[in-house]
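Asker: Next come a sequence and a model predicted from it.
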Amino acid sequence: MKFPAHCASVFLAGLLAGSIGIPELAAQIRSTQVKELVHTDLASWCPGKELSIVLQESGPGTSSRHYHPGHSYSYVLAGSETRIVNGKPPQLAKTGDVIHELPMEIGETENTVAVKLLVVSILEKGQPITTRVP
């Protein structure tokens, strides 16, 4: 008799721990992680400009409305995302595609699946790479 009661208590404890962790797990899946690989001044080649290369990973269910102050090129390493730029019809960017975002062009992205991007940006020195728009 002690064994079934013990199993029931372990099951209930696991169920409780799992239900507490589900919102945290969902938040992680829907998050975007950015890892800066290179950020360098291009003074000797192009005065007043900087180069930034980042690895961006976004989970399913993430979305963003933003612009870049400089030219931004994204290579889709894995997954896909839907992009809407200046109210034009949505475009699906999938693995192997390259996306060019013009300076100050407001775009929206939405991911139904995870996406991994290699993003190369050329911008004015001291400018942020991305600016979020409400």
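Answerer: On my side now, so go ahead.

Asker: ok, what's across the strand from residue 91?
Answerer: Each beta-bridge partner of residue 91 is listed here, defined by DSSP bridges: residue 83.

Asker: That one is in contact with residue 76, isn't it?
Answerer: No. Under the criterion of C-beta atoms under 8 Å, residue 91 is not in contact with residue 76, lying 11.8 Å apart. C-beta: built from backbone N, CA, C; applies to glycine.

Asker: Among the two, which residue is more densely surrounded?
Answerer: Summary of the neighbour comparison: residue 91 and residue 76, criterion other C-beta atoms under 10 Å, with residue 76 having more neighbours (19 against 12).

Asker: what residues are up against that one?
Answerer: When contacts are counted by C-beta atoms under 8 Å, 6 or more residues apart in numbering, residue 76 is found next to 93-99, 115-117.

Asker: Just these: which are in strands?
Answerer: When these are checked against strands using DSSP state E, the ones located there are 93-94, 98-99, 115-117.

Asker: Name the nearest of the residues you listed relative to residue 44.
Answerer: Here the nearest of the ones in strands among the contacts of residue 76 to residue 44, counting by C-beta to C-beta, is residue 98; it sits at 26.6 Å.

Asker: Roughly how far does the nearest residue to that closest one once chain neighbours are set aside sit from residue 87?
Answerer: The shortest distance from residue 98 to any non-neighbouring residue, by C-beta to C-beta, 6 or more residues apart in numbering, is to residue 75 (5.4 Å). The gap separating residue 75 from residue 87 is 25 Å, by C-beta to C-beta, to the nearest Å.

Asker: Please apply the same query to residue 55.
Answerer: As defined by C-beta to C-beta, residue 55 lies at a distance of 29 Å from residue 87.
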